[in-house]
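Novice: from the sequence below, what's the structure:
(2 chains)
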2 protein chains.
Amino acid sequence: MVLRWGEYNLVQYFVLLNLLKLQMTQNSLISFFQPNGIAVIGASSHPEKLGYGVACNLIQSGYVGAIHLVNPKGGKVFEHEMLTSIVEIPDPVDLAILVIPATYAPETMRACGERGIKATILVSGGFRETGEEGAALEEETLKIAQEYKIRMIGPNCIGLLDTHFPLDTTFLQPPMPRPGEIAFISHSGAICAALIDWSKKEGFSFSRLISLGNQADVSETDILPLIAEDLHTKVITLYLENISDGRRFIEEARKIIPKKPIVALKVGRSESGQRAAASHTGALAGAESAFDVAFEKAGVFRADSTEEMFDWARALAWSPLPQGKRVAILTNAGGPGVIAADALEHNTLELANFGPQTLNVLNEFLPSAASVNNPVDMLASATAAHYAESLRALLADPNTDAALVLIPAPPMYPAENAVDAMIPVIQASRKPTLVVLMGSEQIAEASARLQAAKIPDYRFPERAASALARLVQRAEFLREMNESPAPLADADLIDIRVALASAKSGSWLDVELVERLMNIYGIPTSPIKLAPDAESAAKLGEELGFPIVMKIASPDIPHKSDVGGILLNVVSAEEAAQGFEMLMARVQAKNLRAKLDGVLIQKMIPEGQEVIVGAVRDPQFGALMMFGSGGIEVEGLKDVAFALAPLSSREAEKMLSKTWAGKKLDGYRNIPAVDRAAVVDTLCRLSQLVYDLPEIAEIEINPLTVLKNDVVAVDVRVKMS
Amino acid sequence: MVLRWGEYNLVQYFVLLNLLKLQMTQNSLISFFQPNGIAVIGASSHPEKLGYGVACNLIQSGYVGAIHLVNPKGGKVFEHEMLTSIVEIPDPVDLAILVIPATYAPETMRACGERGIKATILVSGGFRETGEEGAALEEETLKIAQEYKIRMIGPNCIGLLDTHFPLDTTFLQPPMPRPGEIAFISHSGAICAALIDWSKKEGFSFSRLISLGNQADVSETDILPLIAEDLHTKVITLYLENISDGRRFIEEARKIIPKKPIVALKVGRSESGQRAAASHTGALAGAESAFDVAFEKAGVFRADSTEEMFDWARALAWSPLPQGKRVAILTNAGGPGVIAADALEHNTLELANFGPQTLNVLNEFLPSAASVNNPVDMLASATAAHYAESLRALLADPNTDAALVLIPAPPMYPAENAVDAMIPVIQASRKPTLVVLMGSEQIAEASARLQAAKIPDYRFPERAASALARLVQRAEFLREMNESPAPLADADLIDIRVALASAKSGSWLDVELVERLMNIYGIPTSPIKLAPDAESAAKLGEELGFPIVMKIASPDIPHKSDVGGILLNVVSAEEAAQGFEMLMARVQAKNLRAKLDGVLIQKMIPEGQEVIVGAVRDPQFGALMMFGSGGIEVEGLKDVAFALAPLSSREAEKMLSKTWAGKKLDGYRNIPAVDRAAVVDTLCRLSQLVYDLPEIAEIEINPLTVLKNDVVAVDVRVKMS
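Specialist: Predicted coordinates:
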């Protein structure tokens, strides 16, 4: 086989390459994006075959390493003579792309292993996606790969490309996209193909792009750090149909977010939806999307549509982050200004209030009929110089954090004149400016010039405002993310774990153990005692002090009030004894076949505000915390908020502010204010508890009674995993 | 002045035109869109002047009537010799376009009047939008127009165009858009210009387009019926910054909706937001958008963005309406199918479940690895024939109401092949099919062919699903809209009006009048009596029967529980007398300077579910009805729904189903079911009351206690306008 350039000419290049590799994290996947030598197994000289497309793209991509094409029948692609077997492949060869019938996959993988290849992309389909037979074939191929310590992308994928290295292992229609700053990781190959075509007219491009197919080996979480390390990648975008290991994904994402933003489009039904619901928390978390709170925790932006994902990604890749959310709008017409102002409000951004100096500057050169207050409407007569000078003044104002410039094609001159005048102003500022060019043909040239200057432009104010909001949100997230979960006194984990070990899986924890758990984590409870008979009910009441509350004790009755199993305000030993008999009689009358342990006795708590605090374990992301309005209507009212454990006090505060139950803690009309800080503290402590103890599946405090200077966990239920 | 074609050659044309006019509604605005002769006052031969642009566009638009250009200095545009004054304009002349300095507007309007011109478009700016001086000029011009019975569009607008008639009175960059089916009415001229340019690449076009400017005379509501009458217009779109007369707009829209859909983008802060809030209903309706409920009542679709408005309009213009909401998805790749399924669910559409015959047909020609269940994934190997035959089978299935076809550019052949094969299938079906062509350059030709065939196409599944949902919603609305408000017994309006006439404007109605009002409209109350002193309190208690409730009577204390002004469960005459003194003492202790009339006595109502029912008069749309969770937390919980009065029982039912308070009426856990039908009835009756009696500004029943077989309006407050 003859290469067009001798390998020895490349010595300097590979020395550099290996130095680079050493600087990077020791990542076993590095060969996928920076391979020293690539083999295409199943290359073809027939233009209608995928094996031809892959070979062509690789050759034409500008990849400067060794390219080895393999086909048992020999032949030629361009000037590349094909080898007839894998054993013939000379060094160097880091990566093999397999474009072969599925049935040959196991033996081909073994041949790669024998040849010492450590990274493979199995492009071919015909595996798990086609049914049981294909799944078995995939399993077999993966086993062989693991035996030889080969990492495998796919099968059923279109491979990857790097527009800077450069490298293209796909069979997509050439040319490869031009070098860009946005990386894209995808669970769908078809989406990759469509996006590359779409991106050309949208004015952005990709740094790296990877289609993961069936993810038999390499998953989105595996590849994420590798993409993040890429110097040319400014933003990472993800199309996700599922996440293999939610907790690990979130941890990897949290490491990356401080350096590079991540935007994800998550589609498909979440598995969490099918979780069995034993508590209110469980029932409500099932309907809620665990992905939302997980992404919020990590700082991953969750887009609602593909267009939104790339609207955001362009702004995140190209614009500086704003210090705040006060936005100046600059326009030459009223209508677009109104739309933009609405869109800012919809995205919780604010209209900047300009200082007197800015107003003076604007008044100097704008016509008297112009509006110099935000939105600044320069009127249809606005020149290119008006655009540039007004923008300069707005960005210089200390009351402005960002600017949104609206250009409906000016009637008297080409839109690109205005853009040319503004580009240096935008580039000289540390504040972000997003531009809205309204129209199509009349603004095409202006749009191209902005894109060349890496200034994000949009066709409509609504989409620009949404992107600007992400810049603000990212700046806020970076400021807040270093806050760690609230410090807790060291919990005596060993002791409690021994105790928990004896509890049956899936069972409800008994009262004494729940009490101990709460004590260890510093969550105040009201002592609760089990009375096995009427006599001890009376005695316990006297010990705790009247008035007391009496509740039926049964592991089989989760919602006690539903069966009349609660008595309030029991004031004497005599009443306590009678109450015991009454409760037993009530429950027995219902024929519930429930195990009855007796009656629980608790001191009556003073009136306060009642809230619910709970946690449930999501199979993908671990413990989800819930806070909201309690009582029997909790599931109906849905006045609840979720977040991922463990919580910082700021995160707990955010949960409170999302619900009416949380807002009300500060008082409302004649409802007095109560101890909000104690609720935040309880949320943090409970989140630490479930984070520490995976043995616990669900935990719910309903109600947590919030008093003036305290909280009391009145009813706590804990279910084992 | 010489026309290129003699007027006499046009006799036949104008006979036809006048016949058409007679068939139409007698609309004084008809001359704007079908003028017999047009004058451009202020036409110019200088290409940089607006007066040149208007003259050119009019001449080049293909308008076949007489064109008269007027400029005091004379001159020529193309072959049109200019007249030097308005008096010289020969017949026929129905419409004048004024492109003149603002200060000349009054005298020019008068000259038009003297010449007998009845329709004018005042294009020029320099009026109300520039300040007080301009506003005075506008006022003066309008007065002169009214004096001569001239209708005026503008000032400060870009005029109008009709692509079919054809006619173009604007100064926008030519050529005029090609003939289309979507009409656009706009409060912003800049938006019109941008949209015309944008529409060219989006593949739709306009039938009529009108920019209304300052609306000194003609408003969006005036022009709406005229646009609706146009035979070429299939859908009406609106860009609104405000509505001059909300109630009239809704009435006009309701007349049009059965024939043509209306989509509106409403921007800008609603005036209703500034309404003073005397009741919970008022406070909550202020935050809520009255536009939402008004549009819902009329069946106007409210879009959130310009793109959404035209995404919907294209589908509404071109597609048949579906019978239901069961959608078949057809794709050649999994990823887009997942996105589409998500998007359908997000838009409350459903995935169709195919019958066995459909599955058999698909299995016949699709490969075994294909998924024949919805979404149907034909795999990447799908041919154009596969697309067409699969779609035929899906549309033939009685379980399918609509289809969504996804085409990520097929790897092996051009996308237009698939489109060509499908077009006859789509056109032959009575069910709508929307197509998603993913990409840009690779699908451009396919997109053009679909548009030529009037089949809506989109770049992404999310946008197609949103448009499809509007088709479903319109079909539902048309089925339901004929239901009239619930019939009521004839209310004795004269009697009550005489009584109301004596009530002070802005005051709260006294208890006896409220009681009478409720009786007349058949809303059950609990008799309520005023005790001026302790003795009569005791006596009234005995009359009504104990236990009773006692409430402080004062027009100055709207929220009685806030001041401790309520006593519950008063069981004897002695307690009633003591209660009277206690209430008076409590209120006096607070130093509220409130007028105290005594204490209101009411029989204690049995326990039931408590809801709030209210109405408040919106300045734009009239009475807004509210229903939701009552009690003191009503404003905090915001579990309320709004709708526009008068209500049909279906509309009242919808309000119930939007709130937890409404859902709970059917029972929840150990909360027993109550009389839901009586709540619907009360809502309808109250809506009739406020619709009949504009004298009433606000009315609120809080609580309306809902019992097992009845409701009781326990506390009713009525405020006069």
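Novice: could you pull up the contacting residues of the most centrally placed residue in chain A?
Specialist: Centrality entry for chain A: nearest residue to the mean C-alpha point is A:Phe295, 2.6 Å, by C-alpha atoms, centre = their mean. Each residue near A:Phe295 by C-beta atoms under 8 Å, 6 or more residues apart in numbering or on different chains is listed here: A:Ala264, A:Lys266, A:Phe301, A:Arg302. From N, CA and C alone the C-beta is placed, and that goes for glycine too.
Novice: check the gap between it and A:Ala285 for me.
Specialist: A:Phe295 sits 15 Å away from A:Ala285, taking C-beta to C-beta, to the nearest Å as the criterion.
Novice: the residue of the stretch 451-600 of chain A found nearest chain B: helix or strand, and which one exactly?
Specialist: In the stretch 451-600 of chain A, the residue that lies nearest chain B is A:Glu462 (4.2 Å; C-beta to the nearest C-beta). Using DSSP states H and E, A:Glu462 maps to helix A:461-480.
Novice: which other helices and strands does the helix or strand just after that helix contact?
Specialist: Using DSSP H and E, the helix or strand that follows helix A:461-480 towards the C-terminus is helix A:493-501. The contact analysis (3 or more C-beta pairs under 8 Å, 6 or more residues apart in numbering or on different chains; DSSP states H and E) places helix A:493-501 against helix A:511-520.
Novice: partners of the following helix or strand past the helix it packs on in the sheet?
Specialist: Using DSSP H and E, the helix or strand that follows helix A:511-520 in sequence is strand A:528-531. Sheet pairing of strand A:528-531 (DSSP bridges) gives strand A:598-603 (antiparallel).
Novice: what is the orientation angle of the partner strand with helix A:511-520?
Specialist: Here strand A:598-603 runs at an angle of 30 degrees relative to helix A:511-520 (axes from the mean of the first three to the mean of the last three C-alpha atoms, to 10 degrees).
Novice: and the next helix or strand past strand A:598-603?
Specialist: strand A:609-618.
Novice: say whether chain B is contacted by that next one.
Specialist: No. Using C-beta under 8 Å from any C-beta of the partner chain, strand A:609-618 never reaches chain B; the gap is at least 11.0 Å.
Novice: is it true that A:Pro367 touches A:Leu379?
Specialist: Yes. With contact defined as C-beta atoms under 8 Å, A:Pro367 counts as touching A:Leu379 (6.2 Å).
Novice: returning to that earlier point: top of the contacts of A:Phe295 by neighbour count?
Specialist: Each of these was scored for neighbours by other C-beta atoms under 10 Å in any protein chain shown, and A:Phe301 scores highest at 25 neighbours.
Novice: next one: the closest residue to chain B within the stretch 301-450 of chain A from A:Gly579, what distance?
Specialist: Nearest to chain B, among the residues of the stretch 301-450 of chain A, is A:Gly335, at 2.3 Å (C-beta to the nearest C-beta). Distance of A:Gly335 to A:Gly579, computed by C-beta to C-beta: 71 Å.
Novice: returning to that earlier point: near the residue of the stretch 301-450 of chain A closest to chain B, how many other residues are there?
Specialist: Residue crowding around A:Gly335 was assessed by other C-beta under 10 Å; the count is 27.
Novice: I'd like to know how far it sits from A:Ser289.
Specialist: 36 Å.
Novice: for the closest residue to A:Phe354 other than its chain neighbours, give me phi and psi.
Specialist: Of all residues not flanking A:Phe354 in the chain, A:Asp397 sits nearest, at 5.3 Å (C-beta to C-beta, 6 or more residues apart in numbering or on different chains). In terms of degrees, to the nearest 10, the main-chain angles of A:Asp397 are phi -70, psi 130.
Novice: give me the neighbour count for A:Asp397.
Specialist: By other C-beta under 10 Å, 20 other residues sit near A:Asp397.
Novice: please apply the same query to A:Ala385.
Specialist: Around A:Ala385 there are 12 residues (other C-beta under 10 Å).
Novice: that one - that's part of a helix, no?
Specialist: Yes. Using DSSP: H, G, I helix; E, B strand; the rest coil, the assignment for A:Ala385 is a helix.
Novice: surely it and A:Met422 touch.
Specialist: No. Counting by C-beta under 8 Å, A:Ala385 stays clear of A:Met422, with 10.1 Å between them.
Novice: please, where are all the strands along the stretch 251-400 of chain A?
Specialist: In the stretch 251-400 of chain A, the strands defined using DSSP state E, counting those that start in this stretch lie at A:262-266, A:301-302, A:326-331, A:350-351, A:376-377.
Novice: quick check: mean pLDDT of the first one?
Specialist: Averaging pLDDT along strand A:262-266 yields 96.
Novice: now the angle from it to helix B:461-480?
Specialist: Counting by the same axes, to 10 degrees, strand A:262-266 lies at 40 degrees to helix B:461-480.
Novice: CA atoms only for strand A:262-266, dumped as CSV, please.
Specialist: C-alpha atoms of strand A:262-266 as CSV (Å, rounded to 0.1, in the frame of the first residue of the first chain):
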residue,chain,number,x,y,z
ILE,A,262,-23.7,22.3,27.9
VAL,A,263,-27.1,22.4,26.2
ALA,A,264,-29.2,19.2,25.9
LEU,A,265,-32.3,18.2,24.1
LYS,A,266,-33.7,15.3,26.0
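Novice: which one is A:Ala453 nearest to, not counting chain neighbours?
Specialist: A:Ile423 (4.8 Å).
Novice: and that neighbour, what helix or strand is that in?
Specialist: helix A:415-428.
Novice: output the contacting helices and strands for that helix.
Specialist: Using 3+ C-beta pairs under 8 Å, 6+ apart, helix A:415-428 sits against helix A:384-396, strand A:402-408, strand A:433-438, helix A:444-452.
Novice: next, the angle from it to strand A:402-408.
Specialist: When the same axes, to 10 degrees is applied, the directions of helix A:415-428 and strand A:402-408 differ by 170 degrees.
Novice: per-residue pLDDT of A:Glu483, please?
Specialist: Listed pLDDT for A:Glu483 reads 68.
Novice: report all helices and strands that the strand or helix carrying A:Leu686 contacts.
Specialist: Assigned by DSSP H and E, A:Leu686 falls within helix A:676-692. Using 3+ C-beta pairs under 8 Å, 6+ apart as the contact test, the elements touching helix A:676-692 are strand A:609-618, strand A:622-629, helix A:649-657, strand A:696-706, strand A:711-713.
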